[in-house]
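[1] dropping the sequence and predicted coords here.
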Amino acid sequence: MKKIVQILSMLLIALTVMVSCKKDTDPADRDFFVGTYNGTVSYRNGETTINSSDGKVTVSKVGETYNFYFGNSIPDITGVKFEKTGDNSYVSIGSGLTGISIDASNLKILVSKDGQTWTANCTR
């Protein structure tokens, strides 16, 4: 009986150690870029122009794509995919949505699509 309790105790300890030791993950894999960035933003669509030196861009992730929500009545940019370029820096890829670079503390946007132009130079 003592032997069985000792074996079960060892298995329990081994299981606890295996569960508590996790593989190190890149911070970018944990939605590191999701959050709010503040800075200069602008939008132009034909004759409509919106500029703000105290604008904000909120970044969210849905599945494999990112969404950029602007304040100041600027339309949102959604469904953006990224490609890693260096240590925790990403640039947007895909048709019509290139021109976005993001890392842990900086967001830069220069996107032109369907006659609309978005710009942002933000930090957090």
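    Received the coordinates, thanks.

[2] so how far is Ser42 from Val34?
    Per Cβ to Cβ, to the nearest Å, Val34 is found 23 Å from Ser42. Where C-beta positions appear, they are placed from N, C-alpha and C, glycine not excepted.

[3] more crowded one of those two?
    Each of Val34 and Ser42 has its neighbours counted (other Cβ atoms under 10 Å); Ser42 has more, 20 against 12.

[4] identify the bridge partners of that one.
    Ser42 has these beta-bridge partners by DSSP bridges: Asn51, Thr119.

[5] mind checking which helix or strand Val111 is in?
    strand 106-113 (DSSP states H and E).

[6] could you find the closest non-adjacent residue to the most centrally placed residue in the chain?
    With distances taken as Cα atoms, centre = their mean, the residue of the chain nearest its centroid is Phe33 (3.2 Å). Once flanking residues are discounted, Phe33 sits nearest to Ile102: 5.1 Å by Cβ to Cβ, 6 or more residues apart in numbering.

[7] what do you get for Asn38?
    Nearest non-adjacent residue to Asn38 (Cβ to Cβ, 6+ apart): Lys56, at 5.0 Å.

[8] other residues contacting the helix or strand hosting that neighbour?
    Taking DSSP H and E as the definition, Lys56 sits inside strand 48-62. By Cβ atoms under 8 Å, 6 or more residues apart in numbering, the residues outside strand 48-62 that reach it are 31, 33-44, 66-74, 102, 107, 109, 120, 122.

[9] again, but for stretch 107-124
    35-46, 55-57, 59, 68, 70, 74-75, 77, 92, 96-102, 105-106.

[10] how about a cut-off of 7 Å?
    35-46, 57, 77, 96-97, 99-101, 105-106 (Cβ atoms under 7 Å, 6 or more residues apart in numbering).

[11] and for stretch 75-85?
    Identification of contacts with stretch 75-85 by Cβ under 7 Å, 6+ apart yields 43, 64-70, 90-94, 97, 100, 111, 118.
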